[in-house]
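Engineer: The amino acid sequence is not available; the structure is as follows:
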């Protein structure tokens with residue numbers, strides 16, 4: 001075991017050393033792979049580099065170090081024809097950052113891709129977590145509790161906490177068999193309102209849609225596309241595709257993409273917001289009621305938009321400095337990519353109401369009373 005410390009970077013590979021560093025230091029920027037941090041946290045970079053990997057394919061469970069890369073874990077799972085179901089996003093290229101996304105960063109950001117509409121978010125696949133809090137105490141849920149946290153669902157707290165409550169060291173996850181067949185129905189030329197209607201109708205069928213997205217006409221002339229994904233055993237997928245085509249026949253003819261590599265590329269680009277990589281402008285992530293999405297997008301008038309989760313998640317590309325929240329009547333908006341000046345002026349995460357702010361402050365007081373972790377990350 002060793003600990004390497006510089007003026008700006010601290011890497012730990014044992015919990016005891018990590019706890020000691022936290023007790024005696026701070027503030028810290030909790031660093032996973034360094035690919036997806038979108039806030040304005042300041043401090044020494046603190047990284048967990050443990051390498052635990054305990055995988056039981058038969059039980060569809062995985063206990064893994066939070067410091068391992070998502071890509072490395074995905075390769076190991078694929079050897080057993082399995083995956084994590086929620087399709088974790090990789091925003092590194094969008095943010096212009098190099099590095100391998102980590103399991104800890106995935107959980108801390110609750111990174112969930114298009115398949116969330118079918119299987120839930122990252123937090124729903126997490127069975128347990130282990131972390132070191134701001135007092136330097138080791139905390140876990142289940143088994144031997146090294147700090148009394150009775151009554152708190154640590155998985156739900158840590159998933160999406162953006163590293164503000166502790167440094168994750170270990171995560172337990174459910175895995176899922178990789179399906180035999182993937183098919184994507186493609187409707188071309190629909191307006192955004194028509195697309196939301198299509199996605200809503202498809203998601204309301206019993207045909208197990210695992211992705212529902214809409215893309216505007218691309219700069220290269222590719223027409224607007226509404227995409228519906230189905231996965232499973234080949235015979236069942238073919239039956240569901242035909243049934244869905246029949247159910248939606250009044251909307252026009254839908255092409256079907258059966259090529260697995262092409263489907264993977266299409267949905268991977270939606271998951272990682274590849275369309276906006278290298279394109280000037282700010283990037284916003286919105287959570288909205290799908291039925292309100294087209295009117296909201298029209299009011300904001302972005303340069304481009306990606307509809308995911310049936311219209312419940314929107315990725316917007318806007319002119320630099322645009323205040324999207326000022327144009328929203330409802331929903332939540334996070335500023336994912338912008339200049340530091342714009343982030344300071346507008347805030348990265350949506351403001352919390354009084355009740356939520358009080359709860360958040362109480363959690364910070366419990367787990368990180370001196371606010372050592374990612375100060376200013378959440379505002």
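Structural biologist: The structure has been received and is ready for your questions. Everything numeric here is computed off the predicted structure, so don't read it as measured data.

Engineer: Mark out where each domain of this structure begins and ends.
Structural biologist: If you go by automatic domain parsing, the domain ranges for the chain are 3-177, 181-271, 274-346.

Engineer: who wins for proximity to residue 370 among those domains?
Structural biologist: domain 3-177 (5.9 Å; C-beta to C-beta). For the C-beta atoms, the positions are set from N, CA and C on the backbone; glycine is no exception.

Engineer: Next, format the domains of the chain as a markdown table and append mean neighbour count, mean pLDDT and distance to residue 352.
Structural biologist: Formatted as a markdown table, the entries for those read as follows, by neighbours: other C-beta atoms under 10 Å; pLDDT from 0 to 100; distance: least, C-beta to C-beta, whole Å:
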| stretch | mean neighbour count | mean pLDDT | distance to residue 352 |
| --- | --- | --- | --- |
| domain 3-177 | 19 | 86 | 13 |
| domain 181-271 | 17 | 97 | 27 |
| domain 274-346 | 18 | 96 | 10 |
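
Engineer: okay if I get the ones you listed as CSV plus distance to residue 355?
Structural biologist: CSV is the format used below for these (distance: least, C-beta to C-beta, whole Å):
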stretch, distance to residue 355
domain 3-177, 17
domain 181-271, 31
domain 274-346, 15
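
Engineer: For residue 367, see how far away residue 46 is.
Structural biologist: Between residue 46 and residue 367 the distance is 15 Å, computed by C-beta to C-beta, to the nearest Å.

Engineer: ditto for residue 265
Structural biologist: According to C-beta to C-beta, residue 265 stands 40 Å off from residue 367.

Engineer: Spatially nearest residue to the residue most central in space within the chain (excluding sequence neighbours)?
Structural biologist: For the chain, residue 111 is the residue whose C-alpha lies nearest the centre (C-alpha atoms, centre = their mean; 1.7 Å). Closest residue to residue 111 apart from its sequence neighbours, by C-beta to C-beta, 6 or more residues apart in numbering: residue 88 at 4.3 Å.

Engineer: Run through the residues that contact that neighbour.
Structural biologist: For residue 88, the contacting residues are 70, 101, 106, 111-113, 122, by C-beta atoms under 8 Å, 6 or more residues apart in numbering.

Engineer: List the buried residues of the helix or strand where residue 357 lies.
Structural biologist: Of the helices and strands defined by DSSP states H and E, residue 357 is found in helix 354-367. Within helix 354-367, the residues that count as buried by 16 or more other C-beta atoms under 10 Å are 360, 364, 367.

Engineer: can you give me the helices in the stretch 201-350 of the chain?
Structural biologist: 234-247, 260-271, 293-300, 340-346 (DSSP state H, counting those that start in this stretch).

Engineer: Give me the contacts around the first one.
Structural biologist: Helix 234-247 is contacted from outside by 179-183, 185, 201-202, 205, 207-209, 228, 230-232, 254, 256, using C-beta under 8 Å, 6+ apart.

Engineer: out of those, which are inside strands?
Structural biologist: Residues from those lying in strands, with DSSP state E as the criterion: 181-183, 185, 209, 228, 230-232, 256.

Engineer: roughly how far is the helix holding residue 357 from the heart of the chain?
Structural biologist: 23 Å (C-alpha atoms, centre = their mean, to the nearest Å).

Engineer: Show me what it is packed against.
Structural biologist: The criterion is 3 or more C-beta pairs under 8 Å, 6 or more residues apart in numbering; DSSP states H and E, and there are no helices or strands that helix 354-367 contacts.

Engineer: and that helix, average pLDDT?
Structural biologist: Taken as a whole, helix 354-367 carries a mean pLDDT of 87.

Engineer: still on that earlier bit, next up, the contacts around the residue nearest to the centre of the chain.
Structural biologist: For residue 111, the residues meeting the contact criterion (C-beta under 8 Å, 6+ apart) are 36, 86, 88-91, 101, 105, 122.

Engineer: now those in JSON lines, with secondary structure?
Structural biologist: As requested, the contacts of residue 111 are exported to JSON lines (DSSP: H, G, I helix; E, B strand; the rest coil):
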{"residue": "36", "secondary structure": "coil"}
{"residue": "86", "secondary structure": "coil"}
{"residue": "88", "secondary structure": "coil"}
{"residue": "89", "secondary structure": "coil"}
{"residue": "90", "secondary structure": "coil"}
{"residue": "91", "secondary structure": "coil"}
{"residue": "101", "secondary structure": "coil"}
{"residue": "105", "secondary structure": "helix"}
{"residue": "122", "secondary structure": "helix"}
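
Engineer: For residue 304, state which of those residues is nearest.
Structural biologist: Once C-beta to C-beta is applied, the member of the contacts of residue 111 that ends up nearest residue 304 is residue 91, at 16.3 Å.
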